[in-house]
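In: I would like to see how this sequence folds:
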Amino acid sequence: MRSTYPVHCLAAAVFCLFAAGFVRADALEKLKPEKLEATHKAVQALRVEWQKIPRLGPYVDYRANLHVHSALSHDSRGTIEEIVAAAKAAGTQVLMFTEHPSERYDFYRDGHRGMKDGVLLIPGAENKGFLIFPTQSLRGVEASSSQEYSDLVRSRGGLVFLSHLEERMDWEIRGMTGTEIYNTHADFKDEKKLIAAMRNPLWIFKSAELFMKYPQESFSALQDYPADYLKRWDELCTRAPHTGVAANDSHQNVGLVVRLVQGDKARLEDALGEKLFELDVGALPILQSMAKGKRVGDVLFQIRLDPYPISLRHVGTHLLLPELTEKAVWEALEAGRAYVSFDWLADATGFDFAAVSGKDRHEMGSRTAYENGLRLRAQAPLPVRWKVIRNGKVVSQSNGRALDSAVSEPGNYRVEAWLKIAGEEMIWVLSNPIYIRAAARG
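Out: Coordinates of the predicted model:
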């Protein structure tokens, strides 16, 4: 999670997902044991139904995670070795790091770069409201405004994405590469009752077994359809093309450690080792049981709620590349050849969306002129509920593994693929738009 929100508050927010009476009904419902079990079974069933399908067109689908923090950031302790291992476990081939800038290091020169165990690493930063991936060091570079800062990065060939839209819905920044269309931390933040909820450690202890039994389902219970993000993205795309990406906001910094300290006290620490509070061991029978035979300094209990394998698998940005290189990643993100997928539900590899006319094919992100006979075609490795969206409005819906829809007028067209999970329709895939302009008059 993001550092500007106190880590201990985030930990409390996640833990309080289990506190009956302090969570809005839908979140509470998702985290009941029977609901977690049903979700787990539904996801397992999708793996049986999933069919490998060849991608159409000339590109290969590579999964990327953007907005990832390592120990270079002050609010993470993640080593590059464990992050790469987690990426491989999640099916990720590209990691785009967004460290918090610091005087103690240069995020560009000292950041993670190159191929490591088959995963492409790209250094970047989360700074001044953006995710930035520059082409050279920005040490000592100052800007008087957000627009100037974006212009500086872009003028040197870098990528700039608007980050955390919920904090800056009114920003009008010209020339950006794109914007986040989903952010994991924003999904936490809209649970106002969780942020203010009580932090009863007894509930944490009682819920730990359930969370460890269903780690992915529990973490991903936060998922909501990002309606506010998508509405703003659609608005931005009417002004100029904006590539939509997912923000994992991975830190591996949400968790709890209970440690025995002097005076028969138990100290509760967050995942970074910072003290939250202390309480008497005798105050809770469960602590008394944990403390038997332990010495001062021993850990009585610990749980990590956002491990990298779980947070990286939750959502990904799939890039259509001719090869796995930094140059190809740059070109795909500039062109909008990408889609966002909640891969914890199912691997979306094989998903395709394009505009087709005769032998001409226009990939996601393409700008093309309207003509008679132009059609939108999409496919997915699972049967889904398709929604075709033009300029932010749903214009048609259908079911199946494939979509074939005529284009009747110009506009910005994107598609959404929805799955039914344990009785609930959930968003699975969000494509980038295809920009169909009116044909020039002769």
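In: Report the central residue of the chain.
Out: With distances taken as C-alpha atoms, centre = their mean, Asn248 lies nearest the centre of the chain, 3.0 Å away.
In: outside of the helix or strand harbouring it, which residues touch it?
Out: Taking DSSP states H and E as the criterion, the element that holds Asn248 is strand 243-250. Contact with strand 243-250 is made by 1-2, 65-69, 131, 161, 163-164, 177-185, 233, 306, 308, 311-312, 314-317, 333-336, 338, 340-341, 365, 430, 432, as judged by C-beta atoms under 8 Å, 6 or more residues apart in numbering. Heads up, the C-betas are built off the backbone N, CA and C, glycines and all.
In: What's the PyMOL syntax to select whichever of those residues are buried?
Out: One line in PyMOL is enough to select the buried members of the contacts of strand 243-250, burial here meaning 16 or more other C-beta atoms under 10 Å:
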select buried, resi 1+2+65+66+67+68+69+131+161+163+164+177+178+179+180+181+182+183+184+185+233+306+308+311+312+314+315+316+317+333+335+336+338+340+341+365+430+432
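In: So which of the contacts of strand 243-250 are in helices?
Out: Among those, the members falling in helices are 184-185, 233, 308, 311-312, 314, 333-335 (criterion: DSSP state H).
In: Among those, which one lies nearest to Ala422?
Out: Nearest to Ala422, judged by C-beta to C-beta, of the ones in helices among the contacts of strand 243-250 is His314 at 17.1 Å.
In: which ones are touching the closest one?
Out: In this structure, His314 makes contact with 184, 216, 219-220, 223, 248, 342-344, judged by C-beta under 8 Å, 6+ apart.
In: who wins for neighbours among those residues?
Out: Neighbour counts for these were taken using other C-beta atoms under 10 Å; the highest belongs to Asn248, with 29 neighbours.
In: List the buried residues for the host helix or strand of Ala87?
Out: Under the criterion of DSSP H and E, Ala87 resides in helix 80-90. Applying a neighbour-count criterion of 16+ other C-beta under 10 Å, the buried positions in helix 80-90 are 80, 82-84, 86-87, 90.
In: name the helices or strands packed onto the helix or strand that that helix is followed by?
Out: The C-terminal neighbour of helix 80-90 among helices and strands, as given by DSSP H and E, is strand 94-97. Here strand 94-97 touches strand 60-68, helix 80-90, strand 119-122, going by 3 or more C-beta pairs under 8 Å, 6 or more residues apart in numbering; DSSP states H and E.
In: Which positions within strand 94-97 qualify as buried?
Out: Along strand 94-97, these residues count as buried under the neighbour rule (16+ other C-beta under 10 Å): 94-97.
In: Nearest to Ala328, out of the residues you listed: which one, please.
Out: Each of these was checked against Ala328 using C-beta to C-beta; the closest is Val94, at 9.7 Å.
In: give me the beta-bridge partners of the closest residue in space to that closest one that isn't next to it in sequence?
Out: With C-beta to C-beta, 6 or more residues apart in numbering as the measure, Ala64 is the residue that lies nearest to Val94, at 3.7 Å, once sequence neighbours are left out. Beta-bridge pairing of Ala64 under DSSP bridges involves Val94, Thr317.
In: got the contact list for Ala64?
Out: Under the contact definition (C-beta under 8 Å, 6+ apart), the residues listed for Ala64 are 92-96, 316-319, 329.
In: mind listing the helices in the stretch 151-300 of the chain by residue range?
Out: Counting by DSSP state H, counting those that start in this stretch, the stretch 151-300 of the chain has helices at residues 184-189, 192-196, 201-213, 215-219, 227-239, 285-291.
In: okay if I get the ones you listed as CSV plus mean pLDDT and distance to Ala402?
Out: CSV is the format used below for the helices of the stretch 151-300 of the chain (pLDDT from 0 to 100; distance: least, C-beta to C-beta, whole Å):
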stretch, mean pLDDT, distance to Ala402
helix 184-189, 80, 30
helix 192-196, 45, 40
helix 201-213, 75, 37
helix 215-219, 91, 28
helix 227-239, 98, 23
helix 285-291, 86, 53
